[in-house]
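*Asks:* Give me a 3D structure for the following:
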Amino acid sequence: IIGLLFVLNAVFLAWAILWKCGVPSIGTDTQRVINLVPFHGNTQWEMQLNVLLFVPFGFLLSAIMTKRLPWQFLAVVSASAFLEITQYVLAIGRSDITDILLNILGGMIGIGAYSLLSMPFGKYSRTAVMIACVFIVAFEIYVSVSFILFGMLRLGSVMFRM
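*Replies:* Numbering: from 1, shown residues only. Reported below is the predicted structural model:
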């Protein structure tokens, strides 16, 4: 089940990063842009979102690859770099070193959150992790459906539009 949840998370992550939760299209930018200057030209909201998007990825990755921190780190770095390269190749966004750095930070926070959650539950840690994974993916499905059907996301009194 965790493997399926990981795949669903990966699909959501790709959609959120490559198409910004919008309708998928290819070649929408007339020029390809690569920004190699860290933290230059990024909005605070954009940087926070990059961190937040990769936290569930790191958490679910840890649930699959337990006790393999070097491989988990390499997987987070590879996924982030792959998505940024894909943006460039498909001409669908700006490839940015800041995004890679913040995605790695988010993934490592997720890996740390997995470790913290699994410690206090002892023999029930697998159940606690499974419940957390289900909630993470359920939230991502809610976000996806909200953007697809309504073009916006409402979280309490806060509303996000595409």
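*Asks:* what's the following helix or strand after the helix or strand containing Phe54?
*Replies:* Assigning secondary structure by DSSP states H and E places Phe54 in helix 44-64. Proceeding N to C from helix 44-64, the next assigned helix or strand is helix 69-90, under DSSP H and E.
*Asks:* Longest helix in the protein, by number of residues?
*Replies:* Determined from DSSP state H, the single longest helix within the chain is helix 125-150.
*Asks:* which SS class is Leu4?
*Replies:* Using DSSP: H, G, I helix; E, B strand; the rest coil as the criterion, the local structure at Leu4 reads helix.
*Asks:* Tally up the residues packed near it, please.
*Replies:* 10 (other CB atoms under 10 Å). Just so you know, the C-beta spots here come from the backbone N, C-alpha and C atoms, and that holds for glycine as well.
*Asks:* coming back round to it: just checking, what packs against the longest helix of the chain?
*Replies:* helix 2-19, helix 44-64, helix 97-118, strand 152-155 (3 or more CB pairs under 8 Å, 6 or more residues apart in numbering; DSSP states H and E).
*Asks:* circling back to that earlier point, can you mark which positions in the helix holding Phe54 are buried?
*Replies:* 47, 49-51, 53-63 (16 or more other CB atoms under 10 Å).
*Asks:* now the angle from it to helix 69-90?
*Replies:* Helix 44-64 and helix 69-90 meet at an angle of 130 degrees, taking axes from the mean of the first three to the mean of the last three CA atoms, to 10 degrees as the criterion.
*Asks:* From Asn50, how far out is Ser95?
*Replies:* 13 Å (CB to CB, to the nearest Å).
*Asks:* can you check Phe82 too?
*Replies:* From Phe82 to Asn50 the distance is 15 Å (CB to CB).
*Asks:* And Gly58, by the same measure?
*Replies:* From Gly58 to Asn50 the distance is 13 Å (CB to CB).
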